[in-house]
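Visitor: Kindly generate the corresponding structure for this input.
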Amino acid sequence: MSEQKNNQQALGAEQDLSQQRIVRREKLAALQAAGEDPFQETRFDWDTTSAQIKENFDAMEGKAVKVAGRLMSKRGMGKVSFCDLQDRDGRIQLYARQDEMDEAVYKKFKKFDIGDIVGVDGEVFRTQRGEMSVRAKNITLLSKSLLPLPEKFHGLQDRELRYRQRYVDLMVNPDVKRNFVIRSQFIKFMRSYLDGMGYIEVETPVLNTIAGGAAARPFITHHNTLDIDMYMRIATELPLKRLIVGGMDRVYEIGRIFRNEGMDPKHNPEFTTVELYQAYTDFHGMMDIAEGILSGAAKEILGSYQVRWQGEDIDLTPGWRRLTMVEAVKEYAGVDFGAITDDAQAVAAAKAIGVELADAAEKTWGNALYACFDQKVEEKLIQPTFITMYPVEVSPLTKRSPADPRLTERFELFICHSELANAYSELNDPIDQRERFEKQVEQRERGDEETEMLDEDFLTALEYGMPPTGGMGMGIDRCVMLLTGADTIREVILFPTMKPLDKQDAAKKEERSAQAAPVSASEPIDFSKVEIEPLFADFVDFETFSKSDFRAVKVKECTAVPKSKKLLKFVLNDGTDTDRVILSGIHEYYEPEELVGKTLIAITNLPPRKMMGIDSCGMIISAVHHKEGAEKLHLLMVDDHIPAGAKLY
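Guide: As a prediction, the model looks like this:
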């Protein structure tokens with residue numbers, strides 16, 4: 001009954017919306033018939049904003065002003081009307097009185113709708129209740145809103161709808177704009193900081209014949225004229241270092257990067273970075289710049305070094321901690337790789353604390369060290385921390401440490417267990433660079449599609465000679481997340497990547513059709529090529545089976561596990577007060593965002609199992625079969641009416 005009621009309410013809301021659209025179009029038609037088409041208006045020369053009025057009210061009271069913006073509310077009392085006008089800076093109250101305006105203008109104004117865009121000639125005054133306002137003398141309709149603002153216009157709460165319709169989000173949620181103002185201010189501060197150090201801002205190609213400069217899977221497109229496939233850039237590193245070779249000693253680029261990877265609160269397939277390269281310095285010079293940009297931006301934009309992010313109080317006061325990776329693993333994971341020299345011993349030490357190396361990774365000291373850091377340490381780094389001296393295996397473009405050739409002069413900046421910057425003393429030895437590229441090619445051939453490609457032209461550039469150079473990349477989106485306190489990258493990207501609605505609608509329609517009616521005899525599902533494993537012949541006693549606790553679980557969060565191509569991390573409501581975390585190797589079949597909110601089935605009483613250093617407490621149930629030699633997998637998704645924690649019998 002409740003579902004039927006909800007459907008009826010949704011249908012009623014749709015009908016109401018349709019009726020409002022009809023009424024607004026009729027109003028537009030009447031205006032056009034009277035020769036007053038608002039879409040014929042071409043400009044309105046406003047001279048004042050809402051913020052200027054409020055900040056300088058005493059000086060402006062009684063003065064004539066012109067303001068323009070969107071009507072966000074109307075409150076009428078006969079021959080007097082009050083409205084909230086929203087402009088670029090905020091909101092100001094309009095006061096319209098029939099006997100203070102042309103009567104015809106007032107009557108037209110009374111027919112304006114919430115959402116309409118108007119220009120107002122008036123004067124600044126304060127109402128009897130003390131509200132700073134504009135007393136309207138003339139109001140011009142500049143654009144007609146044919147769609148009503150969301151119901152309860154003071155807030156659009158549906159996150160997915162907010163991201164899809166950012167234009168509505170900005171209209172009705174005033175605080176949203178703050179994030180993007182801070183984003184703009186941060187980029188402006190960064191440019192000023194680097195320009196002041198003598199850097200030159202440059203632009204490099206988005207389309208390349210080789211995807212280089214990072215370990216990531218690229219987007220591939222096709223150039224019709226040249227008839228070749230091209231890669232959208234995954235980094236700006238290699239072109240910028242070519243400029244260092246050419247004698248442009250300090251260069252940076254702020255630009256969009258494209259990586260064909262999963263989406264989660266910290267990752268969007270297209271994002272913005274700054275990469276900068278400076279000749280005759282090293283990674284220590286880059287550390288100073290990273291600290292200077294972030295701490296300086298916080299102080300200038302927010303007025304404080306103290307910020308709150310992801311539930312943590314972060315102190316950005318300069319003087320951030322600097323630890324080598326060996327020191328960090330010893331401090332946080334209890335393993336001293338400085339005392340280990342043998343590869344096998346290092347791998348065994350990692351395994352002893354529950355750390356597994358990736359399948360494609362060679363079983364070396366360096367890979368074991370990095371896996372321990374990645375799986376045991378990174379999540380514990382809350383306050384700003386530079387982790388330095390990375391293994392050469394995971395740093396193919398970085399200069400080796402003169403003190404220990406197993407390590408490189410590289411750092412990553414971590415705040416709140418999130419990486420915000422990555423920097424090197426750049427490798428400028430073309431022979432060493434070729435060997436490392438070839439190692440990356442071997443790893444790619446073993447199945448790792450995110451390793452570096454071999455770039456012959458870049459090697460040629462290095463052979464001409466590149467001076468000692470420090471280089472760094474910073475994720476602008478994550479820096480803005482830090483400064484705004486945003487919990488997801490989508491809150492700081494105006495138009496984040498979203499799954500097309502037509503695909504979602506088609507999938508939902510197909511699902512409803514499958515549930516509502518039997519498959520038509522004329523369109524049978526072909527299971528002829530499906531291979532099912534033989535059923536187990538061995539009996540399991542009922543007592544053992546009954547101890548397996550199958551429960552319905554609700555997906556609260558789902559994210560890709562960093563450094564893993566297969567694993568998704570589920571945070572689940574299992575009907576208790578404690579969230580349950582389960583990892584499942586199904587990223588090949590599902591993207592994280594499409595599983596949030598779903599109701600699944602899981603076994604909840606299995607012992608915790610370490611996966612990439614994370615305790616996985618249970619198993620999500622899926623149906624697996626083979627078809628034409630390929631494995632197919634479908635999660636068991638059940639009716640959302642089933643509550644979390646419901647037990648299966």
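Visitor: For the rest of this, base every contact and every neighbour count on C-alpha atoms.
Guide: Will do.
Visitor: Which parts of the helix or strand hosting residue 171 count as buried, going by neighbours?
Guide: Element membership of residue 171 [criterion: DSSP states H and E] is helix 166-172. Within helix 166-172, the residues that count as buried by 16 or more other C-alpha atoms under 10 Å are 166, 168-172.
Visitor: repeat for stretch 100-116
Guide: Under 16+ other C-alpha under 10 Å, the buried positions of stretch 100-116 are 101, 106, 109-110, 112-116.
Visitor: How about the contacts made by residue 389?
Guide: Each residue near residue 389 by C-alpha atoms under 8 Å, 6 or more residues apart in numbering is listed here: 324-326, 401, 407-411.
Visitor: And for residue 82?
Guide: 74-76, 93-96 are the contacts of residue 82 under C-alpha under 8 Å, 6+ apart.
Visitor: mind running it again at 10 Å?
Guide: 73-76, 93-97, 133-135 (C-alpha atoms under 10 Å, 6 or more residues apart in numbering).
Visitor: And for residue 177?
Guide: Counting by C-alpha under 10 Å, 6+ apart, residue 177 has contacts 88-90, 169-171, 183, 492, 494.
Visitor: Restricted to helices, list the contacts of residue 389.
Guide: 325-326 (DSSP state H).
Visitor: Looking at the contacts of residue 389, state which has the most neighbours.
Guide: Counting neighbours by other C-alpha atoms under 10 Å, the top entry in those is residue 410, with 32 neighbours.
Visitor: about what we covered before: looking at the buried residues of helix 166-172, which is nearest residue 633?
Guide: residue 166 (34.8 Å; C-alpha to C-alpha).
Visitor: is it true that residue 239 touches residue 207?
Guide: No. Because the distance of 11.6 Å does not satisfy C-alpha atoms under 10 Å, residue 239 is recorded as not touching residue 207.
Visitor: List the buried residues for stretch 553-566?
Guide: Result for stretch 553-566 [16+ other C-alpha under 10 Å]: buried residues 553-561, 565-566.
Visitor: Mind putting the contacts of residue 177 into a markdown table with distance to residue 444?
Guide: Formatted as a markdown table, these follow (distance: C-alpha to C-alpha, whole Å):
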| residue | distance to residue 444 |
| --- | --- |
| 88 | 50 |
| 89 | 52 |
| 90 | 53 |
| 169 | 43 |
| 170 | 44 |
| 171 | 47 |
| 183 | 37 |
| 492 | 33 |
| 494 | 35 |
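Visitor: Of these, just say which sits nearest to residue 529.
Guide: Here the nearest of the contacts of residue 177 to residue 529, counting by C-alpha to C-alpha, is residue 494; it sits at 45.3 Å.
Visitor: From what I see, the closest one and residue 178 are in contact.
Guide: No. Taking contacts as C-alpha under 10 Å, residue 494 lies outside contact range of residue 178: 11.8 Å.
Visitor: More neighbours: those two, which one.
Guide: residue 494 (18 against 13).
Visitor: what residues are up against that one?
Guide: Taking C-alpha under 10 Å, 6+ apart as the test, what residue 494 contacts is 163-167, 170, 176-177, 179-180.
Visitor: now swap in residue 99 and tell me
Guide: Residue 99 neighbours (C-alpha under 10 Å, 6+ apart): 79-80, 106, 137.
Visitor: Which one of those sits in the busiest neighbourhood?
Guide: That'd be residue 106 among the contacts of residue 99, by other C-alpha under 10 Å, with 22 neighbours.
Visitor: any idea how far residue 600 is from that residue?
Guide: 58 Å (C-alpha to C-alpha, to the nearest Å).
Visitor: Most distant residue from the centre of this protein?
Guide: residue 99 (52.7 Å; C-alpha atoms, centre = their mean).
Visitor: quick one on the thing from earlier: widest-spaced pair of the buried residues of stretch 100-116?
Guide: Pairwise over the buried residues of stretch 100-116, using C-alpha to C-alpha, the maximum falls at 101 and 115, 22.0 Å.
Visitor: Generate JSON lines for the contacts of residue 99, with secondary structure as supplementary columns.
Guide: Output for the contacts of residue 99, formatted as JSON lines (DSSP: H, G, I helix; E, B strand; the rest coil):
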{"residue": "79", "secondary structure": "coil"}
{"residue": "80", "secondary structure": "strand"}
{"residue": "106", "secondary structure": "helix"}
{"residue": "137", "secondary structure": "strand"}
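Visitor: Which of those sits closest to residue 421?
Guide: Once C-alpha to C-alpha is applied, the member of the contacts of residue 99 that ends up nearest residue 421 is residue 137, at 54.5 Å.
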